[in-house]
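Trainee: just the structure for this:
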Amino acid sequence: MSYQFSIIIPVYNRPDELAELLESLTAQTYTQFEVLVIEDGSTIKADTVAATYQNRLTIRYFFKPNAGQGFARNYGFERARGDYFVIFDSDALVPPHYFEVVNKRLDTAWLDAYGGPDAAHPGFTPIQKAISYSMTSPFTTGGIRGSKKNLGGTYHPRSFNMGLSRKVWETIGGYRISRMGEDIEFAIRIIENGFKTGLIPDAFIYHKRRTSFGQFFRQLRFFGRARINISRFYPKELKLVHTFPALFTLFVMAVPVWALLSPPLLWLSVGLLMLFSILIFIDAARMEGSMKVGLLSVQAAFVQLIGYGVGFLSEGWKRLREPKDFRETGSTIEYPS
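Mentor: A predicted model of the protein is given here:
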């Protein structure tokens, strides 16, 4: 069976990234899809980019006031014509085989919603490769995202590379929040409604992510805050592994204290951090075939864990001081800014 896919792409001030993504879609070996570009109140618009591809793709462009990527995706769902909706972030590149792989999997072993992993493109900069490694490495807990089973044994798709059937959308109504963990909340409701989810390992994308460690730190700090935000409404979704970056951050922060109070603990702490760094370096250099990427991956791992940990701890402290009856209200979820 051949499925008609609707690709939903929220865009915010990233016309150059959108052009690269659309170019990658023109090379697909399976072409039964439409593209919906949802411009989410950008000041640097991508309408001319979308128009450039009108003769090469079935593409529609929409502009709406800024409300965040979750609600931008809902805007696309409401206007999609396909049997199956696919969500990409604008900073993605899609390999030519992607939709052929997905169509074959849905035809042989149906999934109501799926997720795919991400990988580093050979053309990425060393920093991008290092960040990609860190976000997919089991040494940083990032590898959990690409495993066949997430924590608890059920796969939770993530919105940077995700698909869902029209029936899922019609049943659960799309995203309820637009930031602060919207994809986690969305996946939880898909599963709670009895839909079958799974990972399609070969449906990977090249995810460009951030191009500097400063941007990467801010992104991961936000991710840490988002995990706490989700626990406001789904407390059982906060697992022990989610605390690891926070514990790592506290461990790193304690090193100067041991320097003043306990030299043996100082040397033990430094030794453990050096061992961790060596493991990251060896694994990343082996995978990427580059000592430079290996060294940068050590930095990326520390930025990722500490960024996430800082966000987790700061939002967690805020959460502890909130009223106990703070919870889901009505058909939308309220949360602090």
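
Trainee: contacts only, for residue 110.
Mentor: Counting by C-beta atoms under 8 Å, 6 or more residues apart in numbering, residue 110 makes contact with residue 196. Yep, even glycine has a C-beta here, placed from its N, CA and C like the rest.

Trainee: mind checking the SS state of it?
Mentor: State at residue 110, reduced to three classes by DSSP: H, G, I helix; E, B strand; the rest coil: coil.

Trainee: got it, and residue 96?
Mentor: Once three-state DSSP is applied, residue 96 turns out coil.

Trainee: close enough to count as contact, it and residue 25?
Mentor: No. In this structure, residue 96 is not within contact of residue 25 by C-beta atoms under 8 Å, at 9.5 Å.

Trainee: looking at these two, which is more packed in?
Mentor: residue 25 (23 against 13; other C-beta atoms under 10 Å).

Trainee: ok, that one - contacts?
Mentor: 7, 33, 35, 57, 94.

Trainee: in strands, which of those residues appear?
Mentor: In this view, those that belong to strands under DSSP state E are 7, 33, 35.

Trainee: counting neighbours, which of those residues comes out on top?
Mentor: residue 7 (27 neighbours).

Trainee: domains of the protein?
Mentor: Residue ranges for the domains of the chain, per automatic domain parsing: 5-125+144-212, 230-320.

Trainee: could you pull out the strands for this protein?
Mentor: Using DSSP E, the strands of the chain run over residues 5-11, 33-40, 59-64, 84-88, 92-93, 113-115, 118-119, 161-165, 197-199, 205-207.

Trainee: columns mean pLDDT and distance to residue 319 on top of these, output as CSV?
Mentor: Listed next are these as CSV, based on pLDDT from 0 to 100; distance: least, C-beta to C-beta, whole Å:
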stretch, mean pLDDT, distance to residue 319
strand 5-11, 97, 28
strand 33-40, 97, 28
strand 59-64, 96, 31
strand 84-88, 97, 28
strand 92-93, 94, 32
strand 113-115, 96, 27
strand 118-119, 86, 29
strand 161-165, 96, 27
strand 197-199, 95, 27
strand 205-207, 90, 29
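
Trainee: residue 287 is nearest to which of the ones you listed?
Mentor: For residue 287, the closest of those is strand 118-119, at 10.4 Å, according to C-beta to C-beta.

Trainee: direction included, what does the closest one pair up with?
Mentor: Here strand 118-119 has these sheet partners by DSSP bridges: strand 205-207 (parallel).

Trainee: got the buried residues for the strand it pairs with?
Mentor: 205-207 (16 or more other C-beta atoms under 10 Å).

Trainee: which among the ones in strands among the contacts of residue 25 gets closest to residue 108?
Mentor: Closest approach between the ones in strands among the contacts of residue 25 and residue 108, by C-beta to C-beta: residue 33, at 19.2 Å.

Trainee: which ones are touching the residue nearest to residue 217 when sequence neighbours are not counted?
Mentor: Counting by C-beta to C-beta, 6 or more residues apart in numbering, residue 217 lies nearest to residue 307, which is 4.2 Å off, once chain neighbours are set aside. Going by C-beta under 8 Å, 6+ apart, residue 307 touches 216-221, 223-224.

Trainee: again, only using 7 Å
Mentor: Neighbour list for residue 307: 216-217, 220-221, 224 [criterion: C-beta atoms under 7 Å, 6 or more residues apart in numbering].

Trainee: go on, residue 187?
Mentor: Taking C-beta under 7 Å, 6+ apart as the test, what residue 187 contacts is 156-157.
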